[in-house]
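J.: here you go, sequence then predicted model.
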Amino acid sequence: MIPGSTRMVFLPDPRPMPSNFFSTVKTIYEATLEDGFSMWKRMKERMTPTDIVMWLIGGGMLALIIWGSTATLIAGRYTAHHWFDFMVFGLAQGSIYALIAMGYTMVYGILRMINFAHSEVFMSGPYTAYFVAAFFYSSGFLDQQPIISLLAIFLVSMSVSTLIAVLLERIAYRPLRNAPRLVPLITAIGASFFLQYTFRGLYGSGFQAYPVVKILEGEWAFWDFRILKFQAVVIVAAALLMAALYTFIQRTRVGKAIRAVSEDKEASSLMGIDIDRMIVTTFVIGGMAAGAAGVLYALMFKQVHFSMGFIPGIKAFTAAVLGGIGNIPGAMLGGIFLGLVESVGPSLFLDGLGIVAPYQLKDAIAFTMLVLVLIFRPTGILGEKLAVKKA
Amino acid sequence: MLEVENIHAYYGHIHALKEVSLTVEKGEIVTLIGANGAGKSTTLKTISGLLRPRKGSIRLDGEDLIRYAPHEIVVKGIVQVPEGRRIFGRLTVMENLEMGAFSCPDRRLNSANLERVFNLFPRLEERRNQVGGTLSGGEQQMLATGRALMANPRVLLMDEPSMGLAPVLVDSIFDTIRQLHASGTTILLVEQNARMALQVATRGYVLQTGTVVLSDTAENLRRNEMVRQAYLGES
Ligand SMILES: Nc1ncnc2c1ncn2[C@@H]1O[C@H](COP(=O)(O)OP(=O)(O)OP(=O)(O)O)[C@@H](O)[C@H]1O
Ligand SMILES: [Mg+2]
């Protein structure tokens, strides 16, 4: 017998049926009024003074944003071309955030911890690959074989970042798997500093200028719009990587197993899934994405430094939170959204308010967003409820 | 086939299993009954390697299993349908079943197993692309059982498959267990529904506060005065 095949039985309404149209309307009206009133009462009961202050702050920010944007658009200081450039830059920057955010979100998904040392996973790759790039540049190979050189740079960067990510998991996090959640968090921060100063010791404390790749200089024209080549390459490369990563997680056996382990470790192990291996694989994927993002970052900003991971790291973390931490498509969207808001926002929101040099406030915008999301919607924009059902 | 000998298991200082021994022979359904907190789930967890016993041995066809990790024990052929079903709520029915087959790389065997599961639970085939979390309780139990069958169990451990289900569904779960038994699957069944469990089982063990207090054929247990009073609700 197939269970669940019984049908729903509709019971007759116990309320007396109104006899004419007006009384029907009246009944509905009264019912609505009652519902509305009780809802208001319930809301009033639940509202605390903090809530009210929070909502006032939120409303105030929103009003400022609308006011600023309207003023900017009316002033008309920026042309369509300006906005287009902002958008492309934002998209490029955002794709990089998105790639880094994958690491945060996936590690959170599987271990329920924020890997604060992920910014150093991001830094270690491109910083190491810098030496390869510099060698190619000085030997002239970079100009002769730019594609091969770029591939080699990516390969080195991704390998180093992956190696660092795996070592982190193995040395710093695995022994603490069953410790209270604060412990690995503190360890992560410690590991972050340790790695920064290790790389400072290894490679020096100065800024290193990444060599210019000639084929990525200049711009492509689309009709009336121009797009910087390196920005286009960053966007396309990041999009391809994210598509590959998403397909891997969605379609492959190992990708599905990673999702299973993220949901329920014990049940996964009862299905024959080696949990440690899936966790390592997660760190490998995050490391590869961060290493690739690092090269894209270096191509865009043309320099590397031992503390270069800090700001993009926090931004990517913000992106992951924006998208709902643990949620992979959320992290991608969150990254791109943050990149766009950061590049379009200062001119759009702040210029109209008469703020001088608004572009210097882009970090402030990003972190204001982080705080707002954490206050109003801690589950992120894509709002997946993270069930805290630990046995 | 499966021999558990004098195991002692602890949660911190709590001595949850005290000298538990049981055996399951090939083709048998053995049931483990007992009140809440008697240690039934703990016994299954220990067999599956989720909990390491401090003393005693667990052997499958003579091979000691204690040194293996949970996922390796699945490869050895002991597969558990855990208490509360524990299906992957965000994975689809198909993906859940694939996870069951994770340790089994043989594609032909997997598709044969899938066919078997779909024959047993046609409902799962209809819902193959639905996300696990949206299945009804009965369907989730089918999925949990199907998922375990995908791993080719030599011994299937089932922890309270009838828990929280309506009486009609409980009947259908026990029908399934009978069918599995008829097709030669060896089962160790943990149940609070002692009446039903003793009807399908060949032998049974009664667990009380971490100790086996009785073990006999199911028929004798059904007649036993103590079992009738304490677990069958008869006077
Ligand atoms: N993770 C745990 N930590 C500490 N004590 C535990 C844990 N799990 C179970 N126990 C204790 O071990 C004893 C046996 O628990 P177990 O879950 O094996 O009982 P059970 O027979 O399966 O009960 P039920 O029928 O309610 O499922 C209980 O006293 C329980 O409180
Ligand atoms: Mg139990």
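T.: Arrived safely, thanks for sending. Ligands and ions are numbered 1, 2, ... in the order given.
J.: mind listing the strands for the stretch 151-300 of chain A?
T.: Taking DSSP state E, counting those that start in this stretch as the criterion, the stretch 151-300 of chain A contains strands spanning A:208-209, A:219-222, A:225-228.
J.: nearest to ligand 2, of those strands?
T.: The closest of the strands of the stretch 151-300 of chain A to ligand 2 is strand A:208-209. By Cβ to the ion, the value is 59.8 Å. All C-beta atoms are positioned from the backbone trio N, CA, C, and that covers glycine.
J.: each with direction, which strands does that closest one pair with?
T.: On the basis of DSSP bridges, the sheet neighbours of strand A:208-209 come out as strand A:303-304 (antiparallel).
J.: report all helices and strands that the helix or strand that comes right after the partner strand contacts.
T.: Sequence-wise, the next helix or strand beyond strand A:303-304 is helix A:310-322, with elements assigned using DSSP states H and E. Of the remaining helices and strands, those touching helix A:310-322 by 3 or more Cβ pairs under 8 Å, 6 or more residues apart in numbering or on different chains; DSSP states H and E are helix A:80-111, helix A:118-138, helix A:328-345, helix A:362-376.
J.: now do helix A:310-322 and helix A:328-345, the angle between them.
T.: Angle of helix A:310-322 versus helix A:328-345, following axes from the mean of the first three to the mean of the last three Cα atoms, to 10 degrees, is 120 degrees.
J.: pull out the buried positions in helix A:310-322.
T.: With burial defined by 16 or more other Cβ atoms under 10 Å in any protein chain shown, the residues of helix A:310-322 counted as buried are A:F310, A:P312, A:G313, A:I314, A:K315, A:A316, A:F317, A:T318, A:A319, A:A320, A:V321, A:L322.
J.: distance from that helix to the middle of the chain?
T.: If you compare the mean C-alpha spot of helix A:310-322 with that of the full chain, they lie 6 Å apart, counting by Cα atoms, centre = their mean, to the nearest Å.
J.: pretty sure B:T202 sits against B:V30.
T.: Yes. Applying Cβ atoms under 8 Å, one finds B:T202 in contact with B:V30, separated by 6.8 Å.
J.: tell me which of these two has more neighbours.
T.: Using other Cβ atoms under 10 Å in any protein chain shown, the more surrounded residue of B:T202 and B:V30 is B:V30, with 23 against 16.
J.: now the more buried one. Its backbone dihedrals?
T.: phi -110, psi 140 (degrees, to the nearest 10).
J.: coming back round to it: would TSV of the strands of the stretch 151-300 of chain A with mean neighbour count and mean pLDDT be doable?
T.: Formatted as TSV, the strands of the stretch 151-300 of chain A follow (neighbours: other Cβ atoms under 10 Å in any protein chain shown; pLDDT from 0 to 100):
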stretch	mean neighbour count	mean pLDDT
strand A:208-209	16	82
strand A:219-222	10	82
strand A:225-228	16	84
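J.: still on that earlier bit, I'd like the buried residues of helix A:310-322 written out as CSV, with distance to ligand 2 added.
T.: Written out in CSV, the entries for the buried residues of helix A:310-322 read as follows (distance: Cβ to the ion, whole Å):
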residue, distance to ligand 2
A:F310, 48
A:P312, 48
A:G313, 44
A:I314, 45
A:K315, 46
A:A316, 42
A:F317, 40
A:T318, 43
A:A319, 42
A:A320, 37
A:V321, 37
A:L322, 41
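J.: between the residues you listed, which is closest to chain B?
T.: A:A320 (17.8 Å; Cβ to the nearest Cβ).
J.: test my guess that the closest one contacts A:M332.
T.: No. Here A:A320 does not reach A:M332: they are 9.8 Å apart, not a contact under Cβ under 8 Å.
J.: what is in contact with these two at once?
T.: Counting by Cβ atoms under 8 Å, 6 or more residues apart in numbering or on different chains, the shared contacts of A:A320 and A:M332 are A:A101.
J.: low-confidence ranges in the chain?
T.: No chain was given, so I picked chain A. Low-confidence regions of chain A, defined here as pLDDT under 70, cover residues A:1-37, A:39-40, A:42-45, A:352, A:377-378, A:380-391.
J.: my bad, the chain I had in mind was chain B
T.: Scanning chain B for pLDDT under 70 picks out B:235.
J.: may I see the buried residues of stretch A:253-263?
T.: Buried residues in stretch A:253-263, defined by neighbour count with 16+ other Cβ under 10 Å: A:V254, A:G255, A:K256, A:A257, A:I258, A:R259, A:A260, A:V261, A:S262, A:E263.
J.: contacts for it, please.
T.: Under the criterion Cβ under 8 Å, 6+ apart, residues A:106, A:109-110, A:248-250, A:267-268, A:271, A:273, A:275, A:278-279, A:281-282, A:326, B:88-91, B:95, B:98-99, B:102 lie in contact with stretch A:253-263.
J.: which one is the residue of the stretch 201-350 of chain A found nearest chain B nearest to, not counting chain neighbours?
T.: With Cβ to the nearest Cβ as the measure, A:G272 is the residue of the stretch 201-350 of chain A nearest to chain B, at 3.1 Å. Of all residues not flanking A:G272 in the chain, B:S103 sits nearest, at 3.1 Å (Cβ to Cβ, 6 or more residues apart in numbering or on different chains).
J.: helix/strand/coil for the one you found?
T.: Recorded secondary structure, B:S103: coil (DSSP: H, G, I helix; E, B strand; the rest coil).
J.: pretty sure it contacts B:G77?
T.: No. With contacts defined as Cβ under 8 Å, B:S103 does not count as touching B:G77, sitting 10.1 Å away.
J.: just the buried residues from the contacts of stretch A:253-263, in PyMOL please.
T.: A single PyMOL command selects the buried members of the contacts of stretch A:253-263 (16+ other Cβ under 10 Å):
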select buried, (chain A and resi 106+109+110+249+267+268+271+273+275+278+279+281+282+326) or (chain B and resi 88+89+91+95+98+99+102)
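J.: wait, what's in contact with residue 217?
T.: Assuming you mean chain A. Applying Cβ under 8 Å, 6+ apart, the residues contacting A:E217 are A:K229, A:F230.
J.: hmm, no, I was thinking of chain B.
T.: Contact analysis of B:T217 by Cβ under 8 Å, 6+ apart lists B:T202, B:R203, B:G204.
J.: for it, list each beta-bridge partner.
T.: Per DSSP bridges, the residues bridged to B:T217 are B:R203.
J.: measure the closest residue in space to A:F225 that isn't next to it in sequence to chain B for me?
T.: Leaving out its chain neighbours, the residue that sits closest to A:F225 by Cβ to Cβ, 6+ apart is A:F84, at 5.3 Å. Separation of A:F84 from chain B (Cβ to the nearest Cβ, to the nearest Å) stands at 39 Å.
J.: okay, B:S103 and B:G77: which has more neighbours?
T.: Using other Cβ under 10 Å, the more surrounded residue of B:S103 and B:G77 is B:S103, with 20 against 17.
J.: which phi and psi values does the more buried one adopt?
T.: Here B:S103 shows phi and psi, under degrees, to the nearest 10, equal to phi -80, psi 0.
J.: and the residue in the stretch 151-300 of chain A that ligand 2 sits nearest to, how many residues sit next to it?
T.: Using Cβ to the ion, the closest approach of the stretch 151-300 of chain A to ligand 2 is made by A:E266 at 13.5 Å. One way to gauge burial is a neighbour count; for A:E266, by other Cβ under 10 Å, it gives 16.
J.: now it, nearest residue through space, not along the chain?
T.: Counting by Cβ to Cβ, 6+ apart, B:L50 is the residue found nearest to A:E266 once chain neighbours are left out, at 6.3 Å.
J.: wouldn't that neighbour be in contact with A:S269 here?
T.: Yes. Taking Cβ under 8 Å as the definition, B:L50 is a contact partner of A:S269 at 7.2 Å.
J.: check the buried residues of stretch A:253-263 and tell me the two furthest apart.
T.: A:V254 and A:E263 (15.1 Å; Cβ to Cβ).
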